[in-house]
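Student: show me the folded form of this:
(4 chains)
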2 protein chains.
Amino acid sequence: MDSAPKPAGDGGETAVAGPREQARAKIEAKILAAAEAVFAEHGFSGAAMSEIARRAGIPKPNLHYYCKTKEELYRRVLQQILDLWLGTADEITPDADPAAALSHYIAAKIDLARRRPLASRVFANEVIHGAPQIGDFLANELNDWVARKAKVIDGWVKAGKLQPVDPKHLFFMLWAATQTYADFAVQIAAVLGRKKLQAADYDAAAKQTTEIVLRGLGLKVR
Amino acid sequence: MDSAPKPAGDGGETAVAGPREQARAKIEAKILAAAEAVFAEHGFSGAAMSEIARRAGIPKPNLHYYCKTKEELYRRVLQQILDLWLGTADEITPDADPAAALSHYIAAKIDLARRRPLASRVFANEVIHGAPQIGDFLANELNDWVARKAKVIDGWVKAGKLQPVDPKHLFFMLWAATQTYADFAVQIAAVLGRKKLQAADYDAAAKQTTEIVLRGLGLKVR
DNA sequence: ATAAAACTTGATCGATCGGTCAAACTTTGG
DNA sequence: CCAAAGTTTGACCGATCGATCAAGTTTTAT
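Tutor: Sure thing, here's the model as predicted:
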């Protein structure tokens, strides 16, 4: 990570990465994965640098060599998660078919909840506790992102493709209904009488959420 | 709290409470309110007993006099919150009108998100981190509660009052869509360009959520 | 070959936190 | 009035945690 003295050659001059760059990339990936898991499980305060180091398979001072402080490591994990955020909903465009675009968005979000539940939980934990680190992101990038998407949906409504709807509250509902299968997986599994959520559960969630939302917006299902 | 040596007369023999009982009740209320706020803000690990004591206006050893351990205090806060949980959805009964019952449930849940956001956040935090304290509650009481309500909704479907729907996933969606206005209030406020959510925001949320869900279930709105 | 840079690691430090203790003070019941 | 029970509080303890240091080893560039 950039906190280390010198990440060696990184200007793109060299065609192949030396053993040092490769080792560094491998370790940083291990660290980020371990940190995401520990932050998801225990929250920022409850996460111990020693446990992150242990799970990453390195001594604690070595972890501090790559990430000077716990807060910096936490921010790095969050940054990785925010990149996931803004990469979704590419299908929500003015000319797209609303039913297809929304179906795809819901499916993608549920799929993310299944494949990256830890990321979702770290994000949820951060926001629940007041977003001390990503407050600026929420007020700037995310605000802009939603404003752009809201214009698209408003356009759909004006074109008569959709029942009138407040696009922002629609997003809040979609985010909540999909991310709950990551953040509240333990609760949902308990109510479904399972130890762990299974593939069929996520499929059922995506199917029914899509049906209710599409029909609720006056769109034809399927 | 029951951890203290003797809560004086509590068998209901005395008609009026003495000054000691009154003071005890007042302090316990202060402690629970302070604890709920600190646990909501910092999570279990991040919450400091010293800060809870400070916000309750008592010295730390006095806090430990009323609640022996941090975990016990946390469980007490959670218990208070779980009581809120099971008290909702009384209107979801076999003979009720589905549209009216679901509208009322959504409105009540959004109202709870507005009036008791701290309770919702403590609960969310607990579940996100694996429900170490309330796992049994989820697998027993809540599981039973949902099973009962699911039977009611299945009955509605069989009576042709409703589009076919998986009642459990419907509850997951309703819980998520309503509690998000408590748990993720900071994010929602940022996207809406506000410092804090206002009464009109909650009203808009309840209105639109109700519309989409009811229409999505094949029910007439209003 | 060699020096500089990058990386590794055992030992340790200061701060914070949950919890305890013992000595006080206050209320209650006889 | 007085003893027992209940309550309050400043001082303190051991454990844990984030972070640092200093002495090493390995890689890189010339």
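Student: report the longest helix in chain A, please.
Tutor: helix A:19-46 (DSSP state H).
Student: pull out the buried residues from it.
Tutor: A:24, A:27-28, A:30-46 (16 or more other C-beta atoms under 10 Å in any protein chain shown). Every C-beta, even on glycine, is put in place using the N, C-alpha and C of the backbone.
Student: against residue A:218, how distant is residue A:151?
Tutor: Residue A:151 is 20 Å from residue A:218, where distance means C-beta to C-beta, to the nearest Å.
Student: and these two? Which one has more around it.
Tutor: Shown here are residue A:151 and residue A:218; by other C-beta atoms under 10 Å in any protein chain shown, residue A:218 has more neighbours (18 against 12).
Student: and the more buried one, what does it touch?
Tutor: The neighbours of residue A:218, taking C-beta atoms under 8 Å, 6 or more residues apart in numbering or on different chains as the test, are A:162-163, B:215.
Student: do that again at 10 Å, thanks
Tutor: A:98-99, A:157, A:160-165, B:212, B:215-216 (C-beta atoms under 10 Å, 6 or more residues apart in numbering or on different chains).
Student: residue A:44 too?
Tutor: A:38, A:70-71, A:74, A:77-78, A:122, A:125-126, A:129, A:132-133, B:42-43, B:45-46.
Student: just curious, which of these is nearest to DNA strand D?
Tutor: residue A:70 (3.5 Å; C-beta to the nearest atom of the strand).
Student: tell me how many other residues crowd the closest residue in space to the closest one that isn't next to it in sequence.
Tutor: Excluding the flanking residues, the one nearest residue A:70 by C-beta to C-beta, 6 or more residues apart in numbering or on different chains is residue A:49, at 5.5 Å. Using other C-beta under 10 Å, residue A:49 has 17 other residues around it.
Student: the lowest-mean-pLDDT helix or strand in chain A vs DNA strand C: in contact?
Tutor: One helix or strand of chain A scores below all others by mean pLDDT, DSSP states H and E: helix A:19-46, with a mean of 93. Yes: using C-beta under 7 Å from any atom of the strand, we find that helix A:19-46 touches DNA strand C at A:20, A:23-24, A:27.
Student: for residue A:99, give its distance to residue B:43.
Tutor: 40 Å.
Student: cool, residue A:92 as well?
Tutor: Counting by C-beta to C-beta, the gap from residue A:92 to residue B:43 is 34 Å.
Student: where in chain A is pLDDT low?
Tutor: Low-confidence segments of chain A (pLDDT under 70): A:1-19.
Student: so it: which segments form each domain?
Tutor: Structurally, chain A divides into domains by automatic domain parsing as follows: A:19-77, A:87-216.
Student: could those domains be laid out in JSON lines, adding distance to residue B:55?
Tutor: Shown next, in JSON lines, are the domains of chain A (distance: least, C-beta to C-beta, whole Å):
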{"stretch": "domain A:19-77", "distance to residue B:55": "17"}
{"stretch": "domain A:87-216", "distance to residue B:55": "16"}
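Student: residue B:178: which of these is closest?
Tutor: domain A:87-216 (8.3 Å; C-beta to C-beta).
Student: got phi/psi on residue A:78?
Tutor: phi -60, psi -40 (degrees, to the nearest 10).
Student: which ones are touching it?
Tutor: A:36, A:39, A:44, A:119, A:122-123, A:126, A:131, A:133-134, A:137.
Student: with residue A:210 instead?
Tutor: The neighbourhood of residue A:210, defined by C-beta under 10 Å, 6+ apart, consists of A:99, A:102-107, A:110, A:177, A:219, A:221-222, B:216.
Student: tell me how far it lies from DNA strand C.
Tutor: 44 Å (C-beta to the nearest atom of the strand, to the nearest Å).
Student: stretch A:155-174 close to chain B?
Tutor: Yes: contact of stretch A:155-174 with chain B (C-beta under 10 Å from any C-beta of the partner chain) involves A:163-166, A:168-174.
Student: right, I mislabeled it, should have said stretch A:106-120
Tutor: Yes: using C-beta under 10 Å from any C-beta, stretch A:106-120 reaches chain B at A:117, A:120.
Student: and what of stretch A:28-36?
Tutor: No: using C-beta under 10 Å from any C-beta, stretch A:28-36 never reaches chain B; the gap is at least 13.6 Å.
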